[in-house]
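Student: Show me the folded form of this:
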Amino acid sequence: MTDEIKNYRVYMTTGCPYCKKAVTLLLNKKKSFSVTVLDNDIETLQELKKQYNWQTVPLIVAKTKDDKELFLGGFSDLEQAFSVPA
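Tutor: Take a look at the predicted model:
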């Protein structure tokens, strides 16, 4: 599945250890990604949690090669996506 992904977006807070693990995993896998730190924008964080029906950070969203958005979940979901054979 990960070979169909063009890039990733990680919504995170700086005090979150799983957010840092997600960024490290993407760096180690040499994947294209961006990070949005929401420490000072709790309103946007709450809107994203509601939009994706997800209560924790990180919130990881992938964009496929055909420009579709795919919500992956959190760090363990990202980790699992990389462990599944293509």
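Student: which SSE is the residue most central in space within the chain in?
Tutor: In the chain, the centroid-proximal residue (Cα atoms, centre = their mean) is residue 60; its distance is 1.7 Å. Counting by DSSP states H and E, the element that carries residue 60 is strand 59-64.
Student: Of all the residues in that strand, which ones are buried?
Tutor: Buried positions in strand 59-64, judged by neighbour count with 16 or more other Cβ atoms under 10 Å: 59-63. To be clear about C-beta, it is placed using only N, CA and C from the backbone, and glycine gets the same treatment.
Student: From the chain's centroid, how far away is the lengthiest strand in the chain?
Tutor: Counting by DSSP state E, the longest strand found in the chain is strand 5-12. Counting by Cα atoms, centre = their mean, to the nearest Å, strand 5-12 is centred 5 Å from the centre of its parent chain.
Student: Show me what the next helix or strand after that strand is packed up against.
Tutor: As assigned by DSSP H and E, the chain's next helix or strand after strand 5-12 is helix 17-28. Packing partners of helix 17-28 (3 or more Cβ pairs under 8 Å, 6 or more residues apart in numbering; DSSP states H and E): strand 5-12, strand 33-37, helix 75-83.
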